[in-house]
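A.B. asks: Kindly generate the corresponding structure for this input.
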Amino acid sequence: MVDGCTHATGTEQRMDEKQRHAAGMRIRREILGDAYVDRVVANTTDASSDFQDLITRYAWGEIWTRPGLDERTRRVLVIGTLLALKQWDQFRLHVRAALAEGGFTAGDLQEIILQQSIYCGAPAAHTAMRITRELLAESG
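C.D. replies: Model (predicted):
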């Protein structure tokens, strides 16, 4: 539950689209940081506004607010999945956010990468480790 918004699990009411968007923006800011979200919002155009709304309502407002997993577990899953898919821009974004906003350590990230190396392959893990080292150096 995020700020009183719940998902239908019996007698609870489902969020409407406006509530889902508001909940999505709150958790998106919590996970990725205000500076990143402010940049995305400022750079939203007519061509990207529908996509931004979709991501905010569904990825953040519907999925990230579900009660079944805590935020740390969701972050681990996202980082591992992005490594597996070799989505390096999004990997950088989520690793940077895990360090700055999520309280992750270098050791936490190393464990995620080692775990994924077995299932996703050494080349992807090698790239992920290099990117993570760069981000750790940036963050001090």
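A.B. asks: Tell me how many other residues surround residue 43.
C.D. replies: 9 (other C-beta atoms under 10 Å). (C-beta placed from N, C-alpha, C; glycine too.)
A.B. asks: So what touches whichever helix in the chain runs longest?
C.D. replies: The helix spanning the most residues in the chain, taking DSSP state H as the definition, is helix 122-139. With contacts defined as C-beta atoms under 8 Å, 6 or more residues apart in numbering, helix 122-139 is touched by 83-84, 86, 88, 91-92, 95-96, 99-100, 106, 109-110, 113-114, 116-117.
A.B. asks: So for the strand or helix carrying residue 113, mean pLDDT?
C.D. replies: Residue 113 is part of helix 106-120, with elements assigned from DSSP states H and E. Helix 106-120 carries an average pLDDT of 97.
A.B. asks: give me phi/psi at residue 102?
C.D. replies: phi -100, psi 0 (degrees, to the nearest 10).
A.B. asks: and the gap between the closest residue to it other than its chain neighbours and residue 91?
C.D. replies: Nearest residue to residue 102, sequence neighbours excluded (C-beta to C-beta, 6 or more residues apart in numbering): residue 75, at 5.3 Å. Look at residue 75 and residue 91: by C-beta to C-beta, to the nearest Å, they are 12 Å apart.
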